[in-house]
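1. next input, structure requested:
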Amino acid sequence: MAVGLSRRLKFTRLVAITMGTPLASSVFLSISLICLSAGSIMNLITGILVATVLVLMTSLSYGELVSIYPSAAGNRVFLKKPLGNLFALGLSLMWVFVILGAAGVESFMVGNVLHFIFAGVPAILWAVLILTIVLIINIVGIEISGNFQLIVTSLVSITLASVFVFSIIFVKASYPATTTGFDLNSALTSAVIAVYFFLGFGRVTTLGEEALDYEKGIPRAMPVAIFLLSLVFILASVAIYGHVPLNVLQSTFIPQVVLGDYILKGTPVPLLLAIVSVVMSFSAFNAGVLGTSRLIYALGREGTFPKFLGSIHPRFHTPYASLILLYIITLGVLVYVFGTGNYSLPILVAAGFDSFMYALVGYSAFWHHRKGGEIVKIPFKVRGGTAIFLVTTLSFTILGVLFLLTSSIAVPAIIVLGTLAIIIFYRLRGVT
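-> Take a look at the predicted model:
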């Protein structure tokens, strides 16, 4: 009898995994950027709320699709019918590579934070150690990994929210002069930045073969997770905007630790926030590896990737071969980032590509929703889905184009040329 994936993930674990990837320590760099761009508290909060609504609509798109196709292949299957097999394959593989790039950056950051806490150990050794622990946890079993994600995400969210609420309520703010008023352009700029707070939430959809209730569990877990993430991000942004001077935000890569220094200098709070940042990175690695490995496993199982990548561990029922491959590639990215110090490029590429992926997922949901019962059964059908999915597609297409136009030439070049190279490669191999 063939060994397959095991259905063990409950609703709470799915919520935690959805939150895990966006709730990374690198999100604080985006918070610095939104604070520098907003111009007022009202613009800042409005921007985050607009972004939350857009991402919630995307989660509804994913919800319909994963209820139709509970597959470890995720985006590969979601895009196949409306876009064709070749384009779905090329986009899915590019998605894997940009995720690995972001994972390398997160490794770089957690290594440096740990080096800040324990200066005697080189940052790169800390980064390798964290990656290795995550690999072992995921190989040992999905149940352990899901429980781990639930505990870590809950502790991180509660700790961050508590610190931010304390700083907002009990510590006198020193907001910049432009704290009142509303400006549409500044609010929309803030919204564009805030969309990337939620980067990677859709990776939970690759766990459709391991969720206890894939038809309703994953579709309902994503909106709940996004709502909770939005609360944390609003509290974090308001706290940092109100207590950290803008000139300091321009020059620091650890605004959360600086916040602790400003609100309770001389106490363990800055160290606590540094430790929480490390745990956030750990959680993001775990959630990201958990989702991405399932896509590689599915591609190996179908023969698009080498067959051995579709192997399942006979004892733990996990895709150990794909997990090891991810580990090796992420280590390579990690060495590159540590060697060059260039961590911004992988983040920008991931952010830009995810915008277009969200747009295409919205289009796929729109396509399937309109076809309805003609070709597929839709267990989780969104009321008013036609309009919601169309708005999602248009909104993220516009945001993606604006993002690329305002980025350095390297970002659109990598996204466009990388995707085309994958598509051409598989076309030459006879994939249609």
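
2. low pLDDT regions in this protein?
-> 1-9, 72-73, 141-146, 174-180, 208-214, 286-291, 372-376 (pLDDT under 70).

3. pick out the residue nearest the middle of it.
-> Nearest to the geometric centre of the chain sits Gly200, at 2.2 Å (C-alpha atoms, centre = their mean).

4. can I assume Leu23 sits in a strand?
-> No: using DSSP: H, G, I helix; E, B strand; the rest coil, the secondary structure at Leu23 is coil, not a strand.

5. what's the local residue count around the closest residue to it other than its chain neighbours?
-> Nearest residue to Leu23, sequence neighbours excluded (C-beta to C-beta, 6 or more residues apart in numbering): Met280, at 5.7 Å. Where you see a C-beta, it was placed from the backbone N, CA and C, and this is true even at glycine. Neighbours of Met280 under the rule other C-beta atoms under 10 Å: 29.

6. which ones are touching Met280?
-> Contacts for Met280 (C-beta atoms under 8 Å, 6 or more residues apart in numbering) come out as 23-25, 27, 156.

7. can you pick the most crowded of those?
-> Leu23 (29 neighbours).

8. who's in contact with that one?
-> 153, 156-157, 229, 232, 280, 283-284.

9. would you list the residues you listed in CSV and tack on secondary structure and distance to Leu89?
-> Shown next, in CSV, are the contacts of Leu23 (DSSP: H, G, I helix; E, B strand; the rest coil; distance: C-beta to C-beta, whole Å):
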residue, secondary structure, distance to Leu89
Thr153, helix, 32
Val156, helix, 35
Ser157, helix, 36
Leu229, helix, 30
Val232, helix, 35
Met280, helix, 32
Ser283, helix, 30
Ala284, helix, 26
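
10. now the residues you listed: which count as buried?
-> 153, 156-157, 229, 232, 280, 283-284 (16 or more other C-beta atoms under 10 Å).

11. Ala421: what's it in contact with?
-> With C-beta under 8 Å, 6+ apart, Ala421 has no contacts at all.

12. helix, strand, or coil at it?
-> Under three-state DSSP, Ala421 comes out as helix.

13. picking that back up, Ile17 is in contact with the residue nearest to the centre of the chain, correct?
-> No: checked against C-beta atoms under 8 Å, the pair Gly200 and Ile17 is beyond contact range at 10.6 Å.

14. Ile347 and Val192: what is the separation?
-> Separation of Ile347 from Val192 (C-beta to C-beta, to the nearest Å): 15 Å.

15. go on, Thr46?
-> 12 Å.

16. how about the secondary structure of Arg315?
-> Assignment for Arg315 (three-state DSSP): coil.

17. ok, it - contacts?
-> Applying C-beta under 8 Å, 6+ apart, no residues contact Arg315.

18. what about the helices in the stretch 251-400 of the chain?
-> Secondary structure of the stretch 251-400 of the chain (DSSP state H, counting those that start in this stretch): helices located at 255-263, 269-302, 320-340, 344-371, 385-405.

19. how about those, which one is nearest Leu79?
-> Nearest of those to Leu79, taken as C-beta to C-beta: helix 344-371 at 5.4 Å.

20. which of the residues in that closest one are buried?
-> 345-369.

21. did I read that right, Asn185 in a helix?
-> Yes: counting by three-state DSSP, Asn185 falls inside a helix.

22. give me the distance between it and Ile99.
-> 32 Å.

23. what about the two, which has more around it?
-> Between Asn185 and Ile99, counting by other C-beta under 10 Å, Ile99 is the more crowded of the two (25 against 9).

24. so the more buried one sits against Ser293, correct?
-> No: the criterion here is C-beta under 8 Å, and Ile99 misses it with Ser293 at 10.4 Å.

25. now the two most distant members of the contacts of Met280.
-> So, the contacts of Met280 by C-beta to C-beta: farthest apart are Val27 and Val156, at 11.3 Å.

26. quick check: buried residues in stretch 45-52?
-> 45-52.

27. could the residues you listed be laid out in CSV, adding secondary structure?
-> What follows is these, written out as CSV (three-state DSSP):
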residue, secondary structure
Ile45, helix
Thr46, helix
Gly47, helix
Ile48, helix
Leu49, helix
Val50, helix
Ala51, helix
Thr52, helix
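
28. contacts only, for Ser360.
-> Let me fix one detail, which is that residue 360 is Leu and not Ser. With the criterion set at C-beta under 8 Å, 6+ apart, Leu360 makes contact with 79, 83, 91, 393.

29. likewise Val105?
-> In this structure, Val105 makes contact with 26, 333, 337, 343, 346-347, judged by C-beta under 8 Å, 6+ apart.

30. swap in Leu65?
-> Here Leu65 is in contact with 78, 205, 361, 364-365, 368 (C-beta under 8 Å, 6+ apart).

31. how far does the helix or strand harbouring it sit from its chain's centre?
-> If you go by DSSP states H and E, Leu65 is part of helix 41-68. With C-alpha atoms, centre = their mean, to the nearest Å as the basis, helix 41-68 stands 13 Å off its chain's centre.
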